[in-house]
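okay, structure incoming, though there's no sequence with it:
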């Protein structure tokens, strides 16, 4: 499974890349990834047209979109639309950060899972 990763390069710019989830625990019914540490879970809902503007992430966290979608722009200019069922590992806690904009008429709902 491939997920988005938003990270800071050595020049302080935020970039996107894809990362693979590593599967480690195989069962007859399916496969699990390695257990990852999580400290909290936050549920989020937002309204269409909201633009958070430029900001670094408050902590390393996974964002899992449940409904609607969000457009995320890295400081290097790359823009990605994150849709329902997509996951982003957000790690740009320093540097210039990123911009988030809720772009469609659906109510935006997501889960944020801090990992630090």
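Arrived safely, thanks for sending. What you see is a predicted model, and the numbers here were worked out from it, not measured in a lab. Numbers count the residues shown, from 1 in each chain.

elements contacting the strand or helix carrying residue 66?
Per DSSP states H and E, residue 66 falls inside strand 61-67. In terms of contacts (3 or more C-beta pairs under 8 Å, 6 or more residues apart in numbering; DSSP states H and E), strand 61-67 is packed against strand 87-90, strand 108-114. Where C-beta positions appear, they are placed from N, C-alpha and C, glycine not excepted.

give me the beta-bridge partners of the most centrally placed residue in the chain?
Centroid-nearest residue in the chain: residue 88, 2.6 Å away (criterion: C-alpha atoms, centre = their mean). Note on residue 88: beta-bridge partners by DSSP bridges are residue 4, residue 63.

surely it and residue 6 touch.
Yes - judged on C-beta atoms under 8 Å, residue 88 makes contact with residue 6 at a distance of 6.0 Å.

common neighbours of these two, please.
Residues touching both residue 88 and residue 6 (C-beta atoms under 8 Å, 6 or more residues apart in numbering): residue 72.

ok so, going back, quick one: the strand holding residue 66 to strand 108-114, angle?
160 degrees (axes from the mean of the first three to the mean of the last three C-alpha atoms, to 10 degrees).

now strand 61-67, how far from the centre of its chain.
Chain-centre distance of strand 61-67: 6 Å, with C-alpha atoms, centre = their mean, to the nearest Å.

name the residues that touch it?
Strand 61-67 is contacted by residues 82-90, 106-115 when judged by C-beta under 8 Å, 6+ apart.

ok, of those, which come out buried?
82, 86, 87, 88, 89, 90, 108, 110, 112, 113, 114 (16 or more other C-beta atoms under 10 Å).

what's near enough to touch the second one?
To tie it back to what came earlier, the one meant is residue 86. 3, 4, 64, 65.

fine, thanks again, bye for now.
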